[in-house]
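A.B. asks: sequence and predicted structure are below.
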Amino acid sequence: MVIRCSIVLLMVLFSVMSYFDRTIMSVAGPGIMKEFSLSETQMGMVYSAFLLGYALLMIPGGHLADRLGPWRTLTGMGLGAGVFTALTALGTRPGLGSILGVIPALMLIRFLMGMLTAPLYPSCGRMNANWFPSERQGFVWGLVAAGAGIGSALSPSLFSWMIPAFGWRKSFGLAGFATVFLAGIWALFVRDRPSEHRALQGRDGPRLESDKTQPTTPSRASAFRTLLSNRNVLLLSIGYLTVGYFEYIFFFWIYYYFGEIRHLSPRETSFYTTVIFLAWVVMSPLGGLLSDRLVEKLGSKLGRPIVPVAAMLLAAALLLAGTFFSSPLVIGSLFAFSLGLASASDGPFWKATIEAGKKDVGAACGLLNTGSNVGGFVAPALTPLIASFAGWNTALAFGCVIAVAGVSIWFFLEPLDKTVGGRVILPVG
């Protein structure tokens with residue numbers, strides 16, 4: 001139990017550092033925009049560059065986790081992501097920006113950082129399948145997803161303090177070092193499966209199916225063909241695209257929205273942004289836990305859709321409602337519940353994909369997260385573009401429309417399993 005809890009903690013910490021590293025760019029963004037005379041649309045392109053690399057390498061990253069194992073894959077991911085977080089400081093002038101120009105240099109560095117970060121969540125999905133029983137995987141994923149909220153909640157307050165204390169360039173270097181350090185701890189203390197962990201060898205205890213069988217290593221082409229013929233994985237990926245679009249508006253533009261559009265003070269902006277992401281921290285694991293309980297009682301076909309469908313509909317309604325108010329307290333509260341509810345859908349999406357992916361869990365999770373980050377790639381650039389023509393409230397309302405449209409996929413999924421007494425019985429084949 002202690003070993004499994006430690007593995008969950010380390011996956012949560014990877015999630016924390018990943019979202020801290022990617023969202024600190026939005027905290028440093030307003031200052032960088034002023035220092036180098038960048039427009040909102042140009043900065044949106046920099047934000048989207050990370051997500052382009054992230055999305056492109058998501059499926060290969062998941063396939064890598066299936067072939068090499070999530071332990072090695074996550075070690076490499078942490079080292080690479082940490083190095084390129086630190087290198088962000090070289091993307092302006094003086095630095096690579098003096099040669100390529102500030103926008104191309106920042107886009108290149110963030111693109112490469114996205115590529116190296118891509119295996120994170122597919123590998124965590126593979127670890128979840130390897131180490132935890134099916135009836136707990138939704139909750140475990142909710143905890144991992146909560147790490148994204150913790151990292152996003154820390155970045156406005158902590159990084160806005162670090163910038164005047166150390167300068168924004170050194171602050172990126174410190175964030176990168178922390179990520180590399182975490183990767184070192186992971187490499188030392190974790191292994192791919194319970195049967196391979198030295199602290200568990202020769203000990204009796206609960207055994208999972210993953211303890212008894214070795215992972216298959218299909219070719220990338222074979223795994224990709226299998227996924228493209230998997231109706232449920234494709235539908236879940238399309239649905240998660242809409243969730244990604246909705247959530248990434250918050251990740252990259254909510255700090256700017258409070259400070260520059262609503263004209264709140266830096267202190268108020270940091271406070272409300274932090275509160276919004278703390279709602280993610282609380283509601284993401286609750287969504288996964290509630291979803292697992294509903295599946296135990298009602299089965300996968302009826303129980304799994306309840307949380308994501310209700311959560312995304314309410315999330316869209318609350319974000320839209322928040323645009324009609326002027327009180328920072330009301331706006332912050334509505335936006336916090338909105339993002340929190342959206343995050344509650346993450347556990348059900350990932351758990352359903354783990355079930356649907358079967359032997360190709362890593363690749364299936366890679367395709368799922370590719371969907372999310374296609375939406376995430378579009379949102380940072382399209383949101384300010386819509387705002388430039390129709391205003392920020394319209395841009396946010398468009399995100400609500402996207403979220404509502406994605407809910408429909410849950411009504412077209414084929415049943416994956418039968419659930420008896422909390423135990424999932426997968427079909428043969």
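C.D. replies: Structure received.

A.B. asks: and the strand or helix carrying Asn393, what's buried?
C.D. replies: Taking DSSP states H and E as the definition, one finds Asn393 inside helix 392-406. Residues of helix 392-406 classed as buried: Trp392, Ala395, Leu396, Ala397, Phe398, Gly399, Cys400, Ile402, Ala403, Val404, Ala405, Gly406 (neighbour count, 16 or more other C-beta atoms under 10 Å). C-beta here means a position set from N, CA and C on the backbone, and glycine is covered the same way.

A.B. asks: can you tell me which of these is nearest Phe325?
C.D. replies: Distance to Phe325 across those (C-beta to C-beta) is lowest for Leu396, with 12.5 Å.

A.B. asks: from Leu302, how far off is the closest one?
C.D. replies: Relative to Leu302, Leu396 is positioned 33 Å away (C-beta to C-beta, to the nearest Å).

A.B. asks: what's the answer for Gly322, then?
C.D. replies: According to C-beta to C-beta, Gly322 stands 32 Å off from Leu302.

A.B. asks: show me the strands in the stretch 301-429 of the chain, by range?
C.D. replies: Secondary structure of the stretch 301-429 of the chain (DSSP state E, counting those that start in this stretch): strands at 418-420, 423-425.

A.B. asks: I'd like to know which elements the lengthiest helix in the chain is packed against.
C.D. replies: In the chain, taking DSSP state H as the definition, the longest helix is helix 2-36. Applying 3 or more C-beta pairs under 8 Å, 6 or more residues apart in numbering; DSSP states H and E, one finds that helix 2-36 makes contact with helix 40-56, helix 70-87, helix 102-117, helix 120-131, helix 137-154, helix 160-166, helix 168-189, helix 231-256.

A.B. asks: which of those sits closest to Val281?
C.D. replies: Set against Val281 and scored by C-beta to C-beta, those come closest in helix 137-154, at 4.0 Å.

A.B. asks: give me the mean pLDDT for the closest one.
C.D. replies: Mean per-residue pLDDT for helix 137-154: 85.

A.B. asks: between it and helix 231-256, how many degrees?
C.D. replies: 20 degrees (axes from the mean of the first three to the mean of the last three C-alpha atoms, to 10 degrees).

A.B. asks: helix 137-154 to helix 120-131, inter-axis angle?
C.D. replies: Compare the direction of helix 137-154 with that of helix 120-131 by the same axes, to 10 degrees and you get 150 degrees.

A.B. asks: which stretches of the stretch 101-250 of the chain have low pLDDT?
C.D. replies: Applying pLDDT under 70 to the stretch 101-250 of the chain flags residues 200-224.

A.B. asks: and with 80 instead?
C.D. replies: 135, 197-229 (pLDDT under 80).

A.B. asks: kindly report the same for the stretch 301-429 of the chain.
C.D. replies: 358-362, 377, 415-429.

A.B. asks: any idea which of the helices and strands packed on helix 2-36 is most buried?
C.D. replies: Highest mean neighbour count among the helices and strands packed on helix 2-36 (mean count of other C-beta atoms under 10 Å): helix 120-131, with a mean of 29.

A.B. asks: which of Gly322 and Leu302 has more residues huddled nearby?
C.D. replies: Counted by other C-beta atoms under 10 Å, Gly322 and Leu302 do not tie: Gly322 has more neighbours, with 19 against 13.

A.B. asks: show me the contacts for the more buried one.
C.D. replies: Val330, Ile331, Leu334, Phe335, Ser338, Leu396 (C-beta atoms under 8 Å, 6 or more residues apart in numbering).

A.B. asks: at 6 Å instead, please
C.D. replies: Applying C-beta atoms under 6 Å, 6 or more residues apart in numbering, we find Gly322 in contact with Ile331, Leu334, Phe335.

A.B. asks: next one: Ile254
C.D. replies: Counting by C-beta under 6 Å, 6+ apart, Ile254 touches Thr273.

A.B. asks: just Leu396 next, same as before
C.D. replies: Contacts of Leu396 (C-beta under 6 Å, 6+ apart): Thr323.

A.B. asks: against Ala187, how distant is Phe84?
C.D. replies: 18 Å.

A.B. asks: actually Ala145, sorry about that
C.D. replies: For Ala145, the distance to Ala187 - C-beta to C-beta - is 23 Å.

A.B. asks: what do you get for Ala342?
C.D. replies: Going from Ala342 to Ala187 by C-beta to C-beta gives 33 Å.

A.B. asks: now Val27
C.D. replies: 29 Å.
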